[in-house]
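Engineer: test case, fold it:
(chains A, B and C)
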Amino acid sequence: MTLLDQFQKTLLASGLPDWAAYLVPALMGVILIVAVSLTLVIIFIWWERRLLGRFQLRLGPNRCGPEGILQPVATGLKLLLKEDIVPAKADKILHFLAPIVVFVPVLMIFAVVPVSDGAILANLNVGIIYVVAISSISTIGIFMAAWGSSNKFALISGMRTVAQMVSYELPVVLSLVGVVLVAGSFSMLSIVQSQSIPFILVMPLGCVIFFLGCLAEMNRSPFDLLEADSEIVAGYHTEYSGMKFAMFFMGEYGVALAYSTVITTLFLGGWSGPLLPPVIWFLIKVVLVFSFTVWMRATLPRLRVDQLMAFAWKGLLPMAVINLIIIAIEVLVVPASMLWVMVILNFAFAAALVLLWSRLFTLGGGRVEV
Amino acid sequence: MTVITSGEELGKKIAEAIPGSVVSSDKTSVMLESKSLAQVAEFLKNTPGLDFNYLNFATAVDYIDYFELVYRVLSMEHNHSLILKTRLYDRENPAVPSLVAIWRSAYFQEREMFDMFGIKFEGHPDLRRLLTWEGFQGYPLRRDYL
Amino acid sequence: MPIKTEPFYLNLGPQHPSTHGVFRLRVQLDGEVIVDVEPIIGYLHRGIEKLAETRTYTQVIPLTDRLDYVASMTNNLAYCLAVEKLAGIKVPERAEYLRIIFSELMRLANHFLAIGAFLNDCGALATPLIYMWREREKIVDLCEMTCGQRLLFNYMRVGGMSQDVPVEFMPALKKFVAEMPKFIGEYEQLIKQNEIFLARTKGVGILPREMAIDIGASGPVLRASGVNWDIRKKDPYSIYDRFDFEVPTGDVGDCYDRFWVRMREMRQSVRILEQAIGQIPAKGTVWADVPQFFRPPAGEAYGHIEAPKGNLGFYVVGDGSIAPYRVHIFPPSLMNVTALRDMAIGWKVADLIIIFGSIDVVLGEIDR
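Structural biologist: Presented below is the predicted three-dimensional model:
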């Protein structure tokens, strides 16, 4: 029973017509989710820039508002006022639609993320599958942008996008299956409720694989090949300006935020935590996950495209499969009340697997004879 | 310390190996006949004891009556250097054999000389203007270019 | 039926984030694999060699600043050495030491920027670049203290230096030199063992030893290919024969070796600076009283130095007047990019960027 369901019940009891009682809570929920997630995205843009500044011996934006928190707003306003340039040879329709196709699915992910017990827009019984399905849509949007802007840098970026997204979808989904097996449900609410021990401890390897896969799917360093600015200028959004660029920008950070919330929900125990209210716990965990990605961005060089592929297919995918098999056996053998046995076993397995792979696997790829 | 090879001694050697190639020689440099430049370069590079394997710089100077091409070659093994010179008296259509096949470092420098002085290097794989653009008129480093 | 394919041409530059200025690369691609590369240069051509013919010997010095603007004092030195050889001028002892100090400071400044920009090309966002910039800033501050400039110093003169260093310079330099080894260690820690960095640079863009000599490469690019050739050792100019230092070399000649040679060269520069601080005479003139319009005899002279990027040479021809008849600049960067095509073919676009970054070129020098 989610909060919105309860609200709907109260409305029905107060004598509103059925359609209104159905519509009002739904609309309110949608507006709430959109407003809160967009605000959070803006705050996270500020947070990333400040944090990145700290990593790089500088201050970061600190002029607009207290501690520069209004800087993203100023950036957004500036982008709104910019001229919207469409290249003469661009495919006008694709060029126009692409930012929307990238941006909207990001907002849709937030619909199934529980921020506290019952505070969820749609408690789908296939929550995880919904997240996986929705997040793949933005690939099409990025490829539309790349193809539609008729730019060579964008085209290279588009080719990289498809290869990268498709490759990293597999390890991500396979590591998700482990979560589903232990939790016994696809629903996000029941996954959080079943985490008496956070799943990051129960399946450390699955968590790492999922995190790395997510980094690749949200195009963040060291997997930011789509917009590798030292190689292909700005990748798929080279030809975008003004509001369309702002939508890509927001979409990019929105994805980062969305995946941070998903990781929090699936592996870090969601809203659960002592003393503080659940929403605060949820936000703390999300900020931690997001800050971790910023840390990686500030430290690591970028992978090359063939190394990226090798990492997905030779590194993450086999590990995810082995991890899944181990967890499946454990779920069969270990009784549900003795989750700590799985913790110990899985840490041992994870250490063994990572050691093994560090011996077997190199970020290969070399010169091609032409 | 890089030994500056005596041009007089080396000039004799070159003249023995390739008759008619040396015009004159002094302490530091050897003045060559422009036709035999490539032959001499090959001799300098491949003769044991000389082993001039590194072309340091190549440039031209416009003395109005003639162009003087200056090459400084170096041997990393023996650490000795030599300055080769040659003069081109034809102002309209100066041409000289290219040294790219012998020392690849001449590649860009010969293109630059072609660009700046209009000297044609016969046998250069890709003789185009280097620093100025394709449709540029004139040769900027000639003394009569203002 | 064969699939119809057509070549994919990509113009990297002249406006591109990692072409280090206005370099243009016309790249032919097969997917992401490089089939052909053609460097197109000349976008920054200012005709310095022609301009030099119309100026007096002293007035050419500010022009040389504009060659390698990352380490501009080394250009002054090379030009002054050539003119001093032509005119037979002896430089005072203290000025010689100041020249050494500043050319080693410039080497540090250049290598900081080279390594920082190289890591930036590898995709390490801006973190290493800004860390490098922190130390480079101190060098620039030292130069500003001395000659009031931060980029184009115009500090050396034919026959010495334009002025002596201020009293606060030496303590500041000592402090800088004392701190330096710690910082270099910090940078090594920052990136040297990063798995991704190693995967990106090891074995990439190999320049074989023979080819390096054949194309006339010099500086760290030549030494990374395993050739022990440093003009400071092999043909000591100024007073480099008085200092004890080593010449680091690589063995393979890949991007990692070029990076690592630069890293070790910085330590040697610090060693030279330490010795120079100990040996420099406390007092004395820094300029051999050369008249403002001096007339070197007709003739020619070649002065060359080991600039941070390689062998920088000036070929000066005098005709007995107050202006040089011809000044030819031999830039190391131009030679070093000759083999870019051979190094890049078969690698990916991303590799081309780091290969180019590891060569460390400055377009002011290539285009003149």
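Engineer: helix, strand, or coil at the closest residue to chain C within the stretch 201-350 of chain A?
Structural biologist: Residue nearest to chain C within the stretch 201-350 of chain A (CB to the nearest CB): residue A:302, separated by 2.6 Å. C-betas here are computed from N, CA, C, even on glycine. Three-state call for residue A:302 (DSSP: H, G, I helix; E, B strand; the rest coil): coil.
Engineer: helices or strands next to the helix or strand where residue C:115 lies in the packing?
Structural biologist: If you go by DSSP states H and E, residue C:115 is part of helix C:93-121. Under the contact criterion of 3 or more CB pairs under 8 Å, 6 or more residues apart in numbering or on different chains; DSSP states H and E, the helices and strands touching helix C:93-121 comprise helix C:72-87, helix C:127-147, strand C:160-161, helix C:169-191, helix C:255-279, helix C:349-359.
Engineer: please repeat the previous calculation with a cut-off of 6 Å.
Structural biologist: helix C:72-87, helix C:127-147, strand C:160-161, helix C:255-279, helix C:349-359 (3 or more CB pairs under 6 Å, 6 or more residues apart in numbering or on different chains; DSSP states H and E).
Engineer: quick one on the thing from earlier: list phi and psi for the spatially closest residue to the residue of the stretch 201-350 of chain A closest to chain C that is not a sequence neighbour.
Structural biologist: Among residues not flanking residue A:302 along the chain, residue C:123 sits closest, at 2.6 Å (CB to CB, 6 or more residues apart in numbering or on different chains). Reported as degrees, to the nearest 10, the phi and psi values for residue C:123 are phi 100, psi 10.
Engineer: right, and residue C:123 touches residue A:300 too?
Structural biologist: No - using CB atoms under 6 Å, residue C:123 is not in contact with residue A:300; the gap is 8.0 Å.
Engineer: still on that earlier bit, what angle do the helix holding residue C:115 and helix C:349-359 make?
Structural biologist: 170 degrees (axes from the mean of the first three to the mean of the last three CA atoms, to 10 degrees).
Engineer: count of neighbours near residue C:14?
Structural biologist: For residue C:14, the count of nearby residues is 17 (other CB atoms under 10 Å in any protein chain shown).
Engineer: what helix or strand does residue 22 sit in?
Structural biologist: Since no chain was named, I'll use chain A. helix A:18-55.
Engineer: which strands and helices sit next to the helix or strand that comes right after that helix?
Structural biologist: Per DSSP H and E, the first helix or strand lying C-terminal to helix A:18-55 is helix A:71-81. On a contact count with 3+ CB pairs under 6 Å, 6+ apart, helix A:71-81 meets helix A:18-55, helix A:242-267.
Engineer: state the mean pLDDT of the last one.
Structural biologist: For helix A:242-267, the mean per-residue pLDDT is 87.
Engineer: which SSE is immediately downstream of that helix?
Structural biologist: helix A:278-299.
Engineer: in stretch A:292-308, which residues are buried?
Structural biologist: In terms of neighbour count (16 or more other CB atoms under 10 Å in any protein chain shown), stretch A:292-308 has its buried residues at A:293-294, A:296-308.
Engineer: from the residues you listed, which two are the most distant?
Structural biologist: A:294 and A:306 (26.6 Å; CB to CB).
Engineer: most tightly packed of the helices and strands packed on helix A:71-81?
Structural biologist: Highest mean neighbour count of the helices and strands packed on helix A:71-81: helix A:242-267, a mean of 24 (counted as mean count of other CB atoms under 10 Å in any protein chain shown).
Engineer: what about it, distance to the chain center?
Structural biologist: Chain-centre distance of helix A:242-267: 6 Å, with CA atoms, centre = their mean, to the nearest Å.
Engineer: so what does it touch, helix or strand wise?
Structural biologist: Packed on helix A:242-267, when contacts are counted by 3+ CB pairs under 6 Å, 6+ apart, are helix A:18-55, helix A:71-81, helix A:92-109, helix A:278-299.
Engineer: now the angle from it to helix A:278-299?
Structural biologist: Counting by the same axes, to 10 degrees, helix A:242-267 points 110 degrees away from the direction of helix A:278-299.
Engineer: who's in contact with residue 258?
Structural biologist: You didn't pick a chain, so chain A it is. Shown in contact with residue A:258 (CB atoms under 6 Å, 6 or more residues apart in numbering or on different chains): A:106, A:109.
Engineer: wait, I meant chain C there
Structural biologist: By CB under 6 Å, 6+ apart, the contact set of residue C:258 is C:220, C:224, C:358.
Engineer: among the residues you listed, who's most crowded?
Structural biologist: Counting by other CB under 10 Å, top hit in those: residue C:220 with 32 neighbours.
Engineer: state the distance from that one to chain A.
Structural biologist: 20 Å (CB to the nearest CB, to the nearest Å).
Engineer: now do that residue against residue C:257, distance only.
Structural biologist: 9 Å (CB to CB, to the nearest Å).
Engineer: which secondary structure element is home to residue C:9?
Structural biologist: Going by DSSP H and E, residue C:9 is part of strand C:8-12.
Engineer: measure how buried residue C:6 is and give me the count.
Structural biologist: Residue C:6, neighbours per other CB under 10 Å, totals 5.
Engineer: how about residue C:238, secondary structure?
Structural biologist: coil.
Engineer: quick one: contacts for it?
Structural biologist: Residue C:238 neighbours (CB under 6 Å, 6+ apart): C:96, C:99.
Engineer: any idea how far it is from chain B?
Structural biologist: Here residue C:238 is placed at a distance of 13 Å from chain B (CB to the nearest CB).
Engineer: report pLDDT for that residue.
Structural biologist: pLDDT at residue C:238 comes out at 83.
Engineer: can you check residue C:328 too?
Structural biologist: 90.
Engineer: wait, a helix at it?
Structural biologist: No - looking at residue C:328 with three-state DSSP, it is strand, so not inside a helix.
Engineer: list the beta-bridge partners for it.
Structural biologist: residue C:315 (DSSP bridges).
Engineer: for stretch A:332-347, buried residues please.
Structural biologist: Going by neighbour count (16+ other CB under 10 Å), the buried part of stretch A:332-347 is A:334, A:339, A:342, A:343, A:345, A:346.
Engineer: nearest to chain B, of those residues?
Structural biologist: Within the buried residues of stretch A:332-347, the smallest distance to chain B is 58.7 Å, found for residue A:346 (CB to the nearest CB).
Engineer: if I look at the closest one, how far off is residue A:270?
Structural biologist: 20 Å.
Engineer: do stretch A:345-359 and chain C meet?
Structural biologist: No - against chain C, stretch A:345-359 shows no contacts by CB under 6 Å from any CB of the partner chain, the least distance being 9.1 Å.
Engineer: and that stretch, C-alpha only, in CSV?
Structural biologist: What follows is stretch A:345-359 as a C-alpha-only set of coordinates in CSV (Å, rounded to 0.1, in the frame of the first residue of the first chain):
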residue,chain,number,x,y,z
LEU,A,345,30.9,-16.7,1.1
ASN,A,346,30.4,-14.0,-1.4
PHE,A,347,33.2,-11.9,-0.2
ALA,A,348,35.5,-14.9,-0.5
PHE,A,349,34.2,-15.6,-4.0
ALA,A,350,34.5,-12.0,-5.1
ALA,A,351,38.1,-11.7,-3.9
ALA,A,352,39.0,-15.0,-5.7
LEU,A,353,37.2,-14.0,-8.9
VAL,A,354,38.8,-10.5,-9.0
LEU,A,355,42.2,-11.9,-8.3
LEU,A,356,41.8,-14.5,-11.0
TRP,A,357,40.6,-12.0,-13.6
SER,A,358,43.4,-9.6,-12.8
ARG,A,359,45.8,-12.4,-13.8
